[in-house]
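Undergrad: pasting a predicted model and its sequence here:
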Amino acid sequence: MKKYTNMNDISNISEMVKEAILLKMNPYGYSEIGKNKTLVMLFFNSSLRTRLSTEKAAKNLGMDVMVLNVSDAWSLEFEDGTVMNMNTSEHIKEAAQVISQYADVIAVRAFPTLKDKAKDESEYILKSFVKYATVPVVNMESATAHPMQALADAITITELTDKPKPKVVLSWAPHPRALPQAVANSFVQMMQNLDVDFTITHPEGYELNKGIVKDTPINYNQEEALKDADFVYVKNWSSYNDYGKILSQDENWMMTKSKLGNAKFMHCLPVRRNVVVEDAVLDSESSVVIPQANNRTYAAQIVLKKILENL
Amino acid sequence: MKKYTNMNDISNISEMVKEAILLKMNPYGYSEIGKNKTLVMLFFNSSLRTRLSTEKAAKNLGMDVMVLNVSDAWSLEFEDGTVMNMNTSEHIKEAAQVISQYADVIAVRAFPTLKDKAKDESEYILKSFVKYATVPVVNMESATAHPMQALADAITITELTDKPKPKVVLSWAPHPRALPQAVANSFVQMMQNLDVDFTITHPEGYELNKGIVKDTPINYNQEEALKDADFVYVKNWSSYNDYGKILSQDENWMMTKSKLGNAKFMHCLPVRRNVVVEDAVLDSESSVVIPQANNRTYAAQIVLKKILENL
Amino acid sequence: MKKYTNMNDISNISEMVKEAILLKMNPYGYSEIGKNKTLVMLFFNSSLRTRLSTEKAAKNLGMDVMVLNVSDAWSLEFEDGTVMNMNTSEHIKEAAQVISQYADVIAVRAFPTLKDKAKDESEYILKSFVKYATVPVVNMESATAHPMQALADAITITELTDKPKPKVVLSWAPHPRALPQAVANSFVQMMQNLDVDFTITHPEGYELNKGIVKDTPINYNQEEALKDADFVYVKNWSSYNDYGKILSQDENWMMTKSKLGNAKFMHCLPVRRNVVVEDAVLDSESSVVIPQANNRTYAAQIVLKKILENL
């Protein structure tokens, strides 16, 4: 593996998931592979789960970890040819090449603005690091993708089902703030590559990027969509077509125990209780959000292991 | 040891102090005990000594350490049943459970507001972590207690005296800002459990929580209280009864060389020179604040060692 | 080596450079020397290259590293005898002594104000740490010096030339913000101690401290100065005589491909493209800024190694 920026960087997803589950049984079994190797984690946005799970994954492999919170003190220029006499003080060309000399792997988190669709979709921060870094780059959530989360999700579903083809539903939920589509996008792509019966349900107007959804069925009727589901992944996202807008906060889309039925409840966390999902779900045996978050470590660890093996 | 949130979590304090002193002579002698174990340190408030000494203690034991400064970016909800459609984005239930999967021990610093006495005394942040975390929790100073400091204090007194029952005085001092009672509270409880002759002196109105002070003698006359003292612990705190208020900045309560006599001067640091204590004390042989701060490492290390041995 | 605060702390520079180049070939060859040794890095100002390269250097030597960003939450007092009833909450005397107990080496970054020349030149932050710390202190860029950068510069020049006495030019460049003289100062001192033909060029009024420049030739004519240069180090600094002022932003002083000729282009980074230097230089083979930044690691590593050997 040479990088992990989106799903396409995995050649065989079900194989990857199986290896992650094996790694989870023996997390310290490869602590020599990262010896004298350094992971530099760059956060353009704050992080809890991703920060801790990725750092832990790297250390499980014996890597050194350096964490850098990118603040206003370090304003990067991404455009070519700019006369840098304004706010930006360093060009990504230098920054990425320099960090590559202190790191064996660079992990980057950079959220979208949700204001400039074209700019967000260009993934200019992540792609600039991929272009100019001379070491592998890992995506810790970018403007349009969160492939590390999606890999953790796939591990979770694989661990928790015996069915050959479980039914998985991605269900939109209300939220008071405008959130990115990144988690939903990567989950959709991951489900399209697993052997599952997959449906998306959301209010009209909340259609995700067609280039990602492709022929995955969309059902505007949540109740219908959820019928006989084995796993329900609940997640808010702001509108993709009316970009970054909150079109609805309809409480009827909140996940409840009665709607969930016998399905397992999944969410990437953090989750707003009684807005996205009611307490009765999170506090029940149906919720798998805690083991799902645990799998973030093993998703990161299998990705880093594959990258280290390929250095 | 299953946690260290306050003094009551130590079953035998003098034994603990003795073991810490032994550990100090051989700090790297147990570097296998923390192998593949992770300490996550969560700071709701800033820290210098606690941060560095606890991190060093953990690394002396071979642990990995992950430090997370909790900022506004991560607003936790502590109430049950809240409809989380306002400022809080994650419930402590999820947060504590999730972090427990990345950590073998969680250390938490969370100061009081000094505005809402009932809320501060409920110790809701620390206690919520204890309630929902599935790994041991260590208190790096909470609203009402700083037991790691008190343990370092006990180590320092034990190291520096040959007397069977030294006289120890806790003396209030003036300060321009309203400070918590946490350090004083834990010191009082620690002294009550050591074989010392212990007195508290402060201006009227600065009485600490009676449930903590119990029958420890209080003397409003500083000069009388200090007579023949072996150790004088100086510390400001804001009023407990008139909660969080500064009732006095009387310079006469500042510790001076003449008042101190032959006693050793103790303070948890940071200390405001010539406000809390005059230069002549801090710059003299009577001051033990530097070795006292050094003992923070061994206090943290014995606590972590006891916890790791019990995992 | 007992500290590294400025050039004078190196007894034999060319020997030091040779050892750094050997270390670079075998960076993990001394990973036992830092075992159970801790580097505490204190940042009064933000940092990218220095932070990552110094941390990596320490870890290459097997050290533990603790990074502390000093914020307003920790306001240090540096004056003697102050009644600390205002903004400062801890005196450097206590701070430096306490940190010395948690660290085997302390590294400090503290920029100048560029407002109070006498205060900046007193180097009160760095010198106070040297005075009160009981462990070696390393300068990660202070008010008037950046000796770690200068050592990396010397390594770079030594690696890239076969000439017995290459021609090196330090050329001022325009910049929209007032910058310190620290990098220029240390580079000048370093060149004075290497076997090079060294010239400084800058607009009139941009003379550096005469006590540092001594008899190094200054040429106000950039074109003349650059003639037949082997290495051109480009750097902005604000006026030293009219302290901290921007006297010129003359674009004619920007480094261009045609001015550079056959010389190698050096810069400490970050660099503003098309203000300090045109793209055509940075994107050409003539630029050595990336390997120069890489040498920051080995400059720090040889310094830490020498210090550890002397503990």
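TA: Cool, got the structure. Numbering: from 1, shown residues only, chains lettered A, B, ... in the order given.

Undergrad: longest single helix anywhere in chain A?
TA: Assignment by DSSP state H gives helix A:289-309 as the longest helix of chain A.

Undergrad: how distant is that helix from the center of its chain?
TA: 12 Å (C-alpha atoms, centre = their mean, to the nearest Å).

Undergrad: state the mean pLDDT of it.
TA: Averaging pLDDT along helix A:289-309 gives 98.

Undergrad: show me what counts as buried in it.
TA: Residues of helix A:289-309 classed as buried: A:289-308 (neighbour count, 16 or more other C-beta atoms under 10 Å in any protein chain shown). No exception for glycine: its C-beta is placed from N, CA and C like everyone else's.

Undergrad: is it in proximity to chain C?
TA: No. Residues of helix A:289-309 are not located near chain C by C-beta under 8 Å from any C-beta of the partner chain, the shortest gap being 15.8 Å.

Undergrad: who does that helix touch, helix- and strand-wise?
TA: For helix A:289-309, the packing partners by 3 or more C-beta pairs under 8 Å, 6 or more residues apart in numbering or on different chains; DSSP states H and E come out as helix A:13-25, helix A:49-60, strand A:105-109, strand A:137-139, helix A:147-160, strand A:264-266, helix B:92-102.

Undergrad: just the CA coordinates for it, please, in PDB.
TA: Written as PDB, here are the backbone C-alpha positions of helix A:289-309 (Å, rounded to 0.1, in the frame of the first residue of the first chain):
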ATOM      1  CA  VAL A 289     -20.900   2.600  18.600                       C
ATOM      2  CA  ILE A 290     -18.300   1.800  21.300                       C
ATOM      3  CA  PRO A 291     -16.800  -1.300  19.700                       C
ATOM      4  CA  GLN A 292     -17.100   0.500  16.400                       C
ATOM      5  CA  ALA A 293     -14.900   3.300  17.800                       C
ATOM      6  CA  ASN A 294     -12.500   0.700  19.100                       C
ATOM      7  CA  ASN A 295     -12.100  -0.600  15.600                       C
ATOM      8  CA  ARG A 296     -10.600   2.800  14.600                       C
ATOM      9  CA  THR A 297      -7.400   1.600  16.200                       C
ATOM     10  CA  TYR A 298      -7.200  -1.600  14.100                       C
ATOM     11  CA  ALA A 299      -8.300   0.200  10.900                       C
ATOM     12  CA  ALA A 300      -5.400   2.600  11.300                       C
ATOM     13  CA  GLN A 301      -3.100  -0.200  12.400                       C
ATOM     14  CA  ILE A 302      -3.700  -2.400   9.300                       C
ATOM     15  CA  VAL A 303      -3.300   0.600   7.000                       C
ATOM     16  CA  LEU A 304       0.000   1.700   8.700                       C
ATOM     17  CA  LYS A 305       1.200  -1.900   8.700                       C
ATOM     18  CA  LYS A 306       0.500  -2.300   4.900                       C
ATOM     19  CA  ILE A 307       2.200   1.000   4.300                       C
ATOM     20  CA  LEU A 308       5.300   0.100   6.400                       C
ATOM     21  CA  GLU A 309       5.600  -3.300   4.700                       C
END
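
Undergrad: residue A:40 and residue A:101 touch, don't they?
TA: No. Applying C-beta atoms under 8 Å, one finds residue A:40 not in contact with residue A:101, separated by 10.3 Å.

Undergrad: of the two, which one has the most company?
TA: Legend: neighbour count by other C-beta atoms under 10 Å in any protein chain shown for residue A:40 and residue A:101, higher for residue A:40 (23 against 19).

Undergrad: could you look up the SS state of the more buried one?
TA: The three-state label given to residue A:40 by DSSP: H, G, I helix; E, B strand; the rest coil is strand.

Undergrad: state the distance from it to residue B:214.
TA: For residue A:40, the distance to residue B:214 equals 53 Å [C-beta to C-beta, to the nearest Å].

Undergrad: tell me, how many residues neighbour the residue nearest to residue A:203 when sequence neighbours are not counted?
TA: Counting by C-beta to C-beta, 6 or more residues apart in numbering or on different chains, residue A:203 lies nearest to residue A:248, which is 5.1 Å off, once chain neighbours are set aside. Number of residues near residue A:248 (other C-beta under 10 Å) recorded here: 16.

Undergrad: wait, residue A:248 touches residue A:204, no?
TA: No. Using C-beta under 8 Å, residue A:248 is not in contact with residue A:204; the gap is 9.2 Å.

Undergrad: returning to that earlier point: out of the helices and strands packed on helix A:289-309, which comes closest to chain C?
TA: Nearest to chain C, of all the helices and strands packed on helix A:289-309, is strand A:105-109, at 10.8 Å by C-beta to the nearest C-beta.

Undergrad: who does that closest one pair up with?
TA: Paired strands of strand A:105-109, with direction, are strand A:38-43 (parallel), strand A:137-139 (parallel) (DSSP bridges).

Undergrad: name the SS class of residue A:30, please.
TA: Put simply, residue A:30 is coil when judged by three-state DSSP.

Undergrad: residues near residue A:115, how many?
TA: Using other C-beta under 10 Å: residue A:115 sits among 10 other residues.

Undergrad: actually residue A:93, not the one I wrote
TA: What residue A:93 shows, counting by other C-beta under 10 Å, is a neighbour count of 20.

Undergrad: stretch A:151-168: how far from the chain's middle?
TA: 17 Å.

Undergrad: quick check: angle from the longest helix of chain A to helix B:92-102?
TA: Going by axes from the mean of the first three to the mean of the last three C-alpha atoms, to 10 degrees, helix A:289-309 is angled at 30 degrees with respect to helix B:92-102.

Undergrad: host element of residue A:168?
TA: Using DSSP states H and E, residue A:168 maps to strand A:167-172.

Undergrad: quick check: chain neighbours aside, which residue is closest to residue A:286?
TA: That would be residue A:265: by C-beta to C-beta, 6+ apart, it lies 5.1 Å from residue A:286.

Undergrad: which residues does the one you found contact?
TA: Residue A:265 makes contact with A:232, A:234, A:255, A:277, A:281-282, A:284, A:286-289, according to C-beta atoms under 8 Å, 6 or more residues apart in numbering or on different chains.

Undergrad: tell me the one of the residues you listed nearest chain C?
TA: Distance to chain C across these (C-beta to the nearest C-beta) is lowest for residue A:289, with 32.0 Å.

Undergrad: that closest one touches residue B:94, doesn't it?
TA: Yes. Taking C-beta under 8 Å as the definition, residue A:289 is a contact partner of residue B:94 at 6.6 Å.

Undergrad: what residues do those two have in common as contacts?
TA: A:269, A:271, A:282.

Undergrad: and which of these is nearest to chain B?
TA: Set against chain B, the nearest of the shared contacts of residue A:289 and residue B:94 by C-beta to the nearest C-beta is residue A:269 (5.7 Å).

Undergrad: how about that closest one, what does it touch?
TA: Shown in contact with residue A:269 (C-beta under 8 Å, 6+ apart): A:49, A:289, A:292-293, B:90, B:94, B:98.

Undergrad: mind putting the helices and strands packed on helix A:289-309 into TSV with distance to residue B:227 and mean pLDDT?
TA: Converted to TSV, these look like this (distance: least, C-beta to C-beta, whole Å; pLDDT from 0 to 100):
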stretch	distance to residue B:227	mean pLDDT
helix A:13-25	64	97
helix A:49-60	53	97
strand A:105-109	61	98
strand A:137-139	66	98
helix A:147-160	65	98
strand A:264-266	67	98
helix B:92-102	48	97
